[in-house]
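heads up, no residue letters with this:
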């Protein structure tokens, strides 16, 4: 969370069902698992407990038509996790949507930023 | 909050400063004040305490170059609040950004929704 909130600009959350959304947090978890091969490590670098990270993964696995994350090959002993091909596709799709949204609002965002107070004054 | 999460599709939050964002909650508070003439009433219909609603308004008033909400004329006695002209402009700008983002991601969103599981099966 901390890592993301330092970057200015849009955060996109998309409700796919009334009780299920994908947003920056879930995308960052997926990206983290892809890079670290571990749900715990992915959560840790976001300052998130293992339980919370696992819950986010589990929620996605339950709502999408196929799992986005599964135990890594040989993971029974090592406890590793990996993105499935499907999970990778979901991540890319979310990132594409976020990029499209960012591009679409860029001009308006600049104007909105001009409305901030000058706090050094 | 409940009211919003029932509608599928995007929710846009925009960080304008590292510690200041505008998103669906602040937009709904502004809209609510516009319609009800009261911070308390605007918060109430979102299931939000007066304190929380007031804090969101105060945060915007402190970060933007001008107040977005002020005591209604004669509000000293009645306790009413109203959007300033500036606040109205900020609300419209946010709504425009949200609409642009929604339009930009519409096709991708439809594809992502196709990836949901069929839970009636």
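Arrived safely, thanks for sending. Model, not experiment: these values are computed from the prediction. Residues are numbered from 1 along each chain as shown, chains lettered A, B, ... in the order given.

quick check: longest helix of chain A.
Using DSSP state H to define each element, chain A has its longest helix at helix A:85-113.

is that helix in proximity to chain B?
Yes: applying Cβ under 8 Å from any Cβ of the partner chain, one finds helix A:85-113 in contact with chain B at A:86, A:89-90, A:93-94, A:96-97, A:100-101, A:103-105, A:108-109, A:111-113. Every C-beta, even on glycine, is put in place using the N, C-alpha and C of the backbone.

and that helix, what does it pack onto?
Contacts defined by 3 or more Cβ pairs under 8 Å, 6 or more residues apart in numbering or on different chains; DSSP states H and E place helix A:85-113 against strand A:9-17, helix A:24-36, strand B:9-17, helix B:85-113.

redo the ones you listed as CSV? Include mean pLDDT.
Shown next, in CSV, are the helices and strands packed on helix A:85-113 (pLDDT from 0 to 100):
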stretch, mean pLDDT
strand A:9-17, 96
helix A:24-36, 96
strand B:9-17, 96
helix B:85-113, 97
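
how about the ones you listed in CSV, adding distance to residue B:26 and mean neighbour count?
Output for the helices and strands packed on helix A:85-113, formatted as CSV (distance: least, Cβ to Cβ, whole Å; neighbours: other Cβ atoms under 10 Å in any protein chain shown):
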stretch, distance to residue B:26, mean neighbour count
strand A:9-17, 13, 20
helix A:24-36, 17, 20
strand B:9-17, 9, 20
helix B:85-113, 8, 17
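
show me how far stretch A:26-33 is from its chain's centre.
Mean-position distance between stretch A:26-33 and its chain equals 5 Å (Cα atoms, centre = their mean, to the nearest Å).

what sits against residue A:83?
Shown in contact with residue A:83 (Cβ atoms under 8 Å, 6 or more residues apart in numbering or on different chains): A:30, A:33, A:34, A:68, A:69, A:91.

what about 10 Å?
Taking Cβ atoms under 10 Å, 6 or more residues apart in numbering or on different chains, we find residue A:83 in contact with A:30-35, A:37, A:67-70, A:72, A:89-91.

which residue, other than its chain neighbours, is closest to the residue nearest the centre of chain A?
The centroid of chain A falls nearest to residue A:27 when counting by Cα atoms, centre = their mean (1.7 Å). Excluding the flanking residues, the one nearest residue A:27 by Cβ to Cβ, 6 or more residues apart in numbering or on different chains is residue A:94, at 4.9 Å.

equivalent analysis for residue A:93, please.
With Cβ to Cβ, 6+ apart, the residue lying closest to residue A:93 is residue B:112, at 5.3 Å.

just confirm that neighbour contacts residue A:14, I think it does.
Yes: if you go by Cβ atoms under 10 Å, residue B:112 and residue A:14 touch, sitting 7.2 Å apart.

what is in contact with these two at once?
With contacts taken as Cβ under 10 Å, 6+ apart, residue B:112 and residue A:14 have A:22, A:93, A:94, A:97, B:105 as neighbours in common.

can you list these in CSV and add distance to residue A:82?
Shown next, in CSV, are the shared contacts of residue B:112 and residue A:14 (distance: Cβ to Cβ, whole Å):
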residue, distance to residue A:82
A:22, 19
A:93, 18
A:94, 18
A:97, 23
B:105, 27
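
out of those residues, flag the one nearest to residue A:43.
Nearest to residue A:43 among the shared contacts of residue B:112 and residue A:14: residue A:22, at 16.7 Å, using Cβ to Cβ.

what's the burial count for that closest one?
Residues contacting residue A:22 under the criterion other Cβ atoms under 10 Å in any protein chain shown number 25.

how near is it to residue A:63?
Taking Cβ to Cβ, to the nearest Å as the measure, residue A:22 falls 9 Å from residue A:63.

next one: residue A:114 from chain B, what distance?
To chain B, residue A:114 is 8 Å away according to Cβ to the nearest Cβ, to the nearest Å.
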